[in-house]
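> sharing a model prediction with you, sequence too.
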Amino acid sequence: GQNIDQPTEMTATEGAIVQINCTYQTSGFNGLFWYQQHAGEAPTFLSYNVLDGLEEKGRFSSFLSRSKGYSYLLLKELQMKDSASYLCAVGSTSGGSYIPTFGRGTSLIVHP
Amino acid sequence: KAGVTQTPRYLIKTRGQQVTLSCSPISGHRSVSWYQQTPGQGLQFLFEYFSETQRNKGNFPGRFSGRQFSNSRSEMNVSTLELGDSALYLCASSPKTGRVTGELFFGEGSRLTVL
């Protein structure tokens, strides 16, 4: 089966940098995704990594190491609106089927 | 372009009843997947439909079922409701099925409360 671990909660200061880690165990790895979900809203796609390395998109970057089963989401120049839950999700293929597995999310609180 | 639309947004049912939830994907998206989100278990994959065929299925009992119509709209049904079925049910659409890019476009969900 799949197992995804990420911290439950993190706090950071406006303007700072925060790194949210995600470790996973899976067979048939087929990409890792990060989603942002504000309270009471739908998750929105942030990033996708399928090869090792860093993907940068504006203030957000995501890193993947497949050999270590590890990823992180880096948020720079934090803003109050970045307070949200960040979901790490791993795609895996098994028997021809594709199953996305989500972590329980990291609640990020940004304070002034 | 209109986003993913789910109806109803909120509903209350009692144990033993059944419920049907509806999802209209983004125009042109043929893949629709369903998820259950609870505080304890997080977001869990239920199933995915593409071109009216169920392509993938998560680890949920047979009480959970779904279908997709020729216009890509999808419904999911939960029969014989249990208290533990209380959750936010999210629908997501994608222009492609399964593994290709992984970018999912989520609706705002249907919040089901079972009493």
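Good, I have the coordinates.

> the helix or strand containing residue A:61 - contacts with which helices or strands?
Per DSSP states H and E, residue A:61 falls inside strand A:60-65. Other helices and strands packing on strand A:60-65, by 3 or more C-beta pairs under 8 Å, 6 or more residues apart in numbering or on different chains; DSSP states H and E, are strand A:29-37, strand A:44-49, strand A:53-57, strand A:70-75. Every residue, glycine included, has its C-beta placed from N, CA and C.

> ok, which of those strands comes nearest residue B:2?
strand A:44-49 (15.8 Å; C-beta to C-beta).

> what is that closest one packed up against?
By 3+ C-beta pairs under 8 Å, 6+ apart, strand A:44-49 packs against strand A:29-37, strand A:53-57, strand A:60-65, strand A:70-75.

> where does the prediction get shaky in chain A?
Residue ranges of chain A with pLDDT under 70: A:1, A:94-97.

> got it, and chain B?
Applying pLDDT under 70 to chain B flags residues B:1, B:96-102.

> ok, which residues in it are in contact with chain A?
B:4, B:33, B:35, B:41-45, B:48, B:55-58, B:90, B:97-99, B:101-109 (C-beta under 8 Å from any C-beta of the partner chain).

> tally of neighbours for residue 80?
Assuming you mean chain A. Burial measure for residue A:80: 10 neighbouring residues, criterion other C-beta atoms under 10 Å in any protein chain shown.

> wait, chain B
11.

> so what's it up against?
Residue B:80 makes contacts with B:16, B:18, B:63, as judged by C-beta atoms under 8 Å, 6 or more residues apart in numbering or on different chains.

> can you redo these as TSV with distance to residue B:70 and secondary structure?
Converted to TSV, those look like this (distance: C-beta to C-beta, whole Å; DSSP: H, G, I helix; E, B strand; the rest coil):
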residue	distance to residue B:70	secondary structure
B:16	32	coil
B:18	24	coil
B:63	26	coil
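
> closest to chain A out of those residues?
Distance to chain A across the contacts of residue B:80 (C-beta to the nearest C-beta) is lowest for residue B:63, with 19.5 Å.

> how close does the closest one get to residue B:111?
19 Å (C-beta to C-beta, to the nearest Å).

> I'd assumed residue A:23 was in contact with residue A:2.
No. Residue A:2 is not in contact with residue A:23 according to C-beta atoms under 8 Å; the separation is 11.7 Å.

> quick one: the residue lying closest to residue B:14 once chain neighbours are set aside and residue B:17, what's the gap?
Closest residue in space to residue B:14, ignoring its immediate chain neighbours: residue B:115 at 5.2 Å, by C-beta to C-beta, 6 or more residues apart in numbering or on different chains. For residue B:115, the distance to residue B:17 equals 10 Å [C-beta to C-beta].

> tell me which of these two has more neighbours.
Counted by other C-beta under 10 Å, residue B:115 and residue B:17 do not tie: residue B:17 has more neighbours, with 13 against 10.

> mind checking the SS state of that one?
Here residue B:17 is recorded as coil under DSSP: H, G, I helix; E, B strand; the rest coil.

> OK, contacts around it?
residue B:81.

> same deal with residue A:80?
With C-beta under 8 Å, 6+ apart, residue A:80 has these contacts: A:14, A:110, A:112.

> and of these, the nearest to chain B?
residue A:110 (21.4 Å).

> for the closest one, list each beta-bridge partner.
Beta-bridge pairing for residue A:110 (DSSP bridges): residue A:12.
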